[in-house]
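**Student:** Below: sequence and its predicted model.
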Amino acid sequence: FQNIRGHGRLILMVCILTFLYALGKINHLSPLLLILLFGLILNNKQVFFRGYLKGLVKEDDALSHVLLDEFKVVTIEASFFIRTVFFVLFGMSIFAGCQETSIDNSANVKSQADKSSQSQPAGENAEDAAVDDENAKLSDEQIENLVRRSYQYVAMYNVNNKFAIKQGGWNTLDADTELKDHTMREIARPNNDTLYISALLDLRTEPVILEMPAFDSDYVSLMVTGYDHYVNVPMATRLGDFKKLEKMLFYTDRTEGYKGEPVEGVDRIFECTGDFISAVLRIMPHAKDQERFRRIVGEMEQVKITTLSEFRGGKAKPADDLEFPAVGQRDADIFENNLLEVMQFVFNHTTFDSKDKLDRELLAVYKPLGVVPGQPFDAAKVAKLDGAKIRKVSERIFAEEMAKTSNEEFYKKELFGKFLPKGKMSLELLLFQSVLGPLGLPATEAVYPAVTTSDGKPMNAMNDYVIRMAPDELPPTDVFWSLTLY
């Protein structure tokens, strides 16, 4: 450049700069760093051109200084021009986007209004069928009520469906002959004193029969529960059961082709409140008596399930493919991401009693949101909820309920009041048991007293603790007791 005396010096420098930029892009280098280096060399030639390189440049070349000044002017003006163009285009894009959103919203409102006018049923209940955006504007009290009344269903949907995923689907049975440890993730507080047999039953197309042998164990119980989290224990050693082979049939009032009539060869019939239920057998293993333990394991392996068609010698009726809403790693995930979808699914596969106060109040909460029993879920027709806000409320409620475990007054209430059948529980204890850990037994079968500290403070893993019990302070039980650290 120092030796060029004619016009075109500046454009040549710009071309070299463009060439460096293209070279960097082709070789996957950082073009901006190359341009930065170019500028540093251009403005600090006395630093970079030393030694034998010093002869390549002229130290006091007036033409070079003029060229550098001209290049700076071009750079400044080009930067100003590019910034101006950028902000003009940016402003135009924002304006166009706002207009498009406005048009889209207007079209959606008109479309929804048209659909509402076309599909609105005649009669005095027509207004109840329409759901508009106003339903999504829930107050803090309404969100609190929504979460508290939904928690039992969200928790059980999460637990039962996670078990189904792990077990290979519905109408499956898993006889687990090993005690549980920390690797079990599906339930918060697994009982580590009994072995489990888990049957996950789909009762939509036909009844399912559970066949159980006699058990050589001091403690056996059968627990049945659906998405509503009411706990039923139709069989237990406490009641004199499990002394002989028995077959129990399960159905709901929606089960196709069956209305509760007797079936030859079936000993017991149990009507469930949900199409998708878990039937869990707990068996004390007597693990210290190895011979008895082996017998019990062998008896567990005899438990099986069959559909009514298979029981009568035919083939099981095919069940329609059904898409289940996604489960959450935590209950809070459902509250945030797909609460209405999950509750619509639950509503469609759960029996609600018009005489039950909690059932009526739950349905009343969801009706304005567009979720009612017996209809498919349509995201376009239900209210739009603030998932993040609902999640935050659910997490707060979770923390509040867990804190109650160290409340002595509440402990006296919950110890004998949770995990009961429908009609015998308050919303307060339904919420507590769903947060504490689903799938527990009622006090007639087992109690879960908490061990508290002498100063009443919650246990902290940073501390060491010693638990002392005098002989007359040992838990009063004829079967077993245990101390478990979670």
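**Tutor:** Nice, thanks for sending it over. Residues are numbered from 1 along each chain as shown.
**Student:** Which residues are in contact with the residue nearest to the spatial centre of the chain?
**Tutor:** Centroid-nearest residue in the chain: residue 328, 1.5 Å away (criterion: CA atoms, centre = their mean). By CB atoms under 8 Å, 6 or more residues apart in numbering, the contact set of residue 328 is 158, 334, 337. All C-beta atoms are positioned from the backbone trio N, CA, C, and that covers glycine.
**Student:** quick check, it in a helix?
**Tutor:** No - assessed with DSSP: H, G, I helix; E, B strand; the rest coil, residue 328 is coil; it does not lie in a helix.
**Student:** Going by distance to residue 379, which of the contacts of residue 328 wins?
**Tutor:** Nearest to residue 379 among these is residue 337, at 12.0 Å by CB to CB.
**Student:** what about the helix or strand hosting residue 72, average pLDDT?
**Tutor:** Following DSSP states H and E, one finds residue 72 within helix 62-119. What helix 62-119 shows for mean pLDDT is 62.
**Student:** Also stretch 425-442?
**Tutor:** pLDDT averaged over stretch 425-442 gives 90.
**Student:** Contacts for that stretch next, please.
**Tutor:** 148-149, 151-152, 154-156, 159, 187-189, 221, 223, 225, 229-231, 233, 278, 280, 282, 358, 397-398, 401-402, 404-405, 413-414, 417-420, 446, 448.
**Student:** Name only those of those residues that count as buried.
**Tutor:** 148-149, 151-152, 154-156, 159, 187, 221, 223, 225, 229-231, 233, 278, 280, 282, 358, 397-398, 401, 404-405, 414, 417-420, 446, 448 (16 or more other CB atoms under 10 Å).
**Student:** Looking at the contacts of stretch 425-442, which are in helices?
**Tutor:** 148-149, 151-152, 154-156, 159, 358, 397-398, 401-402, 413-414 (DSSP state H).
**Student:** Which one of these is nearest to residue 297?
**Tutor:** Among the ones in helices among the contacts of stretch 425-442, residue 159 lies closest to residue 297 (CB to CB), at 25.4 Å.
**Student:** and residue 18, what element?
**Tutor:** Using DSSP H and E, residue 18 falls in helix 9-26.
**Student:** Same question for that helix: list its buried residues.
**Tutor:** Buried residues in helix 9-26 (16+ other CB under 10 Å): 9, 13, 17, 20, 24.
**Student:** what's the answer for stretch 331-351, then?
**Tutor:** Going by 16+ other CB under 10 Å, stretch 331-351 has these buried residues: 331-336, 338-351.
**Student:** what mean pLDDT does whichever strand or helix holds residue 296 have?
**Tutor:** In the assignment (DSSP H and E), residue 296 maps to helix 290-300. Averaging pLDDT along helix 290-300 yields 95.
**Student:** How about residues contacting the helix or strand just after that helix?
**Tutor:** For helix 290-300, the succeeding helix or strand toward the C-terminus, using DSSP H and E, is strand 304-307. Here strand 304-307 makes contact (CB under 8 Å, 6+ apart) with 171, 173, 199, 201, 206, 207, 208, 209, 210, 211, 316, 317.
**Student:** Mind doing that once more with 6 Å?
**Tutor:** Contact partners of strand 304-307, identified using CB atoms under 6 Å, 6 or more residues apart in numbering, comprise 173, 199, 206, 208, 209, 210, 211, 316.
**Student:** just the strands in the protein please.
**Tutor:** 172-176, 195-202, 208-212, 220-225, 232-236, 246-251, 268-271, 276-283, 304-307 (DSSP state E).
**Student:** In CSV, list those along with mean pLDDT.
**Tutor:** CSV is the format used below for these (pLDDT from 0 to 100):
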stretch, mean pLDDT
strand 172-176, 93
strand 195-202, 95
strand 208-212, 98
strand 220-225, 97
strand 232-236, 97
strand 246-251, 98
strand 268-271, 98
strand 276-283, 96
strand 304-307, 97
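**Student:** So for residue 363, which of those strands sits nearest?
**Tutor:** Short answer: strand 276-283, nearest of the strands of the chain by CB to CB, at 19.3 Å.
**Student:** How far off centre is that closest one?
**Tutor:** 22 Å (CA atoms, centre = their mean, to the nearest Å).
**Student:** Equivalent analysis for stretch 143-157, please.
**Tutor:** Using CA atoms, centre = their mean, the offset of stretch 143-157 from its chain centre is 12 Å.
**Student:** Over to stretch 28-38?
**Tutor:** 47 Å.
**Student:** Repeat that for stretch 364-379.
**Tutor:** The answer for stretch 364-379 is 20 Å, by CA atoms, centre = their mean.
**Student:** Span of it from start to end?
**Tutor:** Chord length of stretch 364-379, first to last residue, is 19 Å (CA to CA, to the nearest Å).
**Student:** If you count neighbours, what's buried in that stretch?
**Tutor:** Under 16+ other CB under 10 Å, the buried positions of stretch 364-379 are 365, 366, 368, 369, 370, 371, 377.
**Student:** For those, could you give me CSV that also reports pLDDT and distance to residue 454?
**Tutor:** What follows is the buried residues of stretch 364-379, written out as CSV (pLDDT from 0 to 100; distance: CB to CB, whole Å):
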residue, pLDDT, distance to residue 454
365, 97, 43
366, 97, 46
368, 95, 50
369, 96, 48
370, 96, 53
371, 97, 48
377, 96, 52
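**Student:** Could you dump these into TSV and include distance to residue 311?
**Tutor:** As requested, those are exported to TSV (distance: CB to CB, whole Å):
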residue	distance to residue 311
365	40
366	37
368	44
369	41
370	41
371	36
377	34
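**Student:** still on that earlier bit, spell out for me the PyMOL command that would select the buried members of the contacts of strand 304-307.
**Tutor:** Selection of buried members from the contacts of strand 304-307 for PyMOL, criterion 16+ other CB under 10 Å:
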select buried, resi 173+199+206+208+209+210+211
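**Student:** coming back round to it: list just the nearest of the contacts of residue 328 to residue 479.
**Tutor:** residue 158 (30.4 Å).
**Student:** so what's the closest one closest to, chain neighbours aside?
**Tutor:** residue 327 (5.3 Å; CB to CB, 6 or more residues apart in numbering).
**Student:** What values do phi and psi take at that neighbour?
**Tutor:** phi -80, psi 170 (degrees, to the nearest 10).
**Student:** Now do the contacts for it.
**Tutor:** 158, 161, 162.
**Student:** next one: stretch 351-368 to chain centre, how far?
**Tutor:** 24 Å.
**Student:** hmm, I was thinking of stretch 15-28
**Tutor:** Stretch 15-28 sits 50 Å away from the centroid of its parent chain (CA atoms, centre = their mean).
**Student:** ok, the residue nearest to residue 415 when sequence neighbours are not counted to residue 481 distance?
**Tutor:** Closest residue in space to residue 415, ignoring its immediate chain neighbours: residue 447 at 5.8 Å, by CB to CB, 6+ apart. Applying CB to CB, to the nearest Å, the value for residue 447 to residue 481 is 9 Å.
**Student:** neighbour count winner among these two?
**Tutor:** residue 447 (15 against 12; other CB atoms under 10 Å).
**Student:** quick revisit: so which of the buried residues of stretch 364-379 are in helices?
**Tutor:** Reading helices off the buried residues of stretch 364-379 with DSSP H, I get 365, 366.
**Student:** Just give me the neighbour total for residue 386.
**Tutor:** 14.
**Student:** Please read the previous query as pertaining to residue 322.
**Tutor:** 13.
**Student:** just residue 200 next, same as before
**Tutor:** 25.
**Student:** and if you look at residue 325?
**Tutor:** That count, for residue 325 with other CB under 10 Å as the rule, works out to 19.
**Student:** Which pLDDT value goes with it?
**Tutor:** 96.
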